[in-house]
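Asks: could you work out the structure for the sequence below:
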Amino acid sequence: MKALVIVGHGSHLNEDSGLPVYEHAQRIRETGGFDEVVECFWKEEPAMRHVLDTVESEEVYVVPAFISEGYFTQQVIPRELGLSGQVTRKGEKTVFYAGPLGTFEGMPDVILERVEDLMRGREAEGRTALVLLGHGTDLNKNSGGVIYLNANRIRERGIYDLVEVGFLDQEPEIGGVVEGVEAENVILIPVFIAEGWHTRETIPEDLGLTGEVTTRDEKTIFYGAPVGTHPSMANLIAARARETIEHLV
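Replies: Got it, this is the predicted structure:
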């Protein structure tokens, strides 16, 4: 038997923080690809500490529903689950620990699907720039690195005139990127796992956005929902789990 454990950050303050994890878990459950699919979190129940005791399967795949490598994926999750590396034996269970979602090769496809949903039925005349928005932090270089990684992968496909990156908590700051980009159309996609205060409040307020489409200063800004809420993330999570053992063979 095989179990998939999806680990989310969660939040005591934002009830929507864990919603994508539950939705993606249900989608994967319906495919029948795993005998068990279990959700757990760091900041809300069900907690991750005892989650491995709740599954019966001998093979357990743990996928962190996080965008980038960092403190949570490298320290918190392994500590709470008692993992010693990419493969850990715990009694009769073998636990395979996958990397975060943002570094996986399939992430650009999900980003582009999010763009497609946003732009369906809308025309963008003139030069078009895709801007990937990350949270970022000056405390962990890996946090921003994954945004650059995905921007480069999309840039190589030659779909847009420009592919840029911007951040909330590190340079280049998103407001300056949107203002300075030399394109009439700016497609702004938050590379976040869930909707929250930033995506609903601070980003629109700081950028003067009035909805999905905002026109000002001869620019039209198309503002998408977070990548992590897209239904295709379920396929990405399942693929990330499968890739873990394939990588070890």
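
Asks: contacts and neighbour counts: CA atoms only from here.
Replies: Fine.

Asks: where in this structure is pLDDT low?
Replies: Along the chain, segments meeting pLDDT under 70 span 12-14, 138-143, 247-249.

Asks: can you give me the strands in it?
Replies: Counting by DSSP state E, the chain has strands at residues 2-8, 36-41, 59-64, 87-90, 93-97, 128-134, 162-167, 185-190, 213-216, 219-223.

Asks: domains in the protein, by residue range?
Replies: 2-102+230-248, 107-228 (automatic domain parsing).

Asks: for these, give me TSV that also has mean neighbour count.
Replies: Shown next, in TSV, are the domains of the chain (neighbours: other Cα atoms under 10 Å):
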stretch	mean neighbour count
domain 2-102+230-248	18
domain 107-228	18
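
Asks: quick one: closest of the strands of the chain to residue 146.
Replies: Minimum separation from residue 146 across the strands of the chain (Cα to Cα) falls at strand 128-134, 8.7 Å.

Asks: quick one: strands adjacent to that closest one?
Replies: strand 162-167 (parallel), strand 185-190 (parallel) (DSSP bridges).

Asks: before we move on, the earlier item: let me have the strands of the chain in a markdown table, extended by distance to residue 53.
Replies: Formatted as a markdown table, the strands of the chain follow (distance: least, Cα to Cα, whole Å):
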| stretch | distance to residue 53 |
| --- | --- |
| strand 2-8 | 12 |
| strand 36-41 | 11 |
| strand 59-64 | 11 |
| strand 87-90 | 10 |
| strand 93-97 | 10 |
| strand 128-134 | 34 |
| strand 162-167 | 38 |
| strand 185-190 | 35 |
| strand 213-216 | 47 |
| strand 219-223 | 42 |
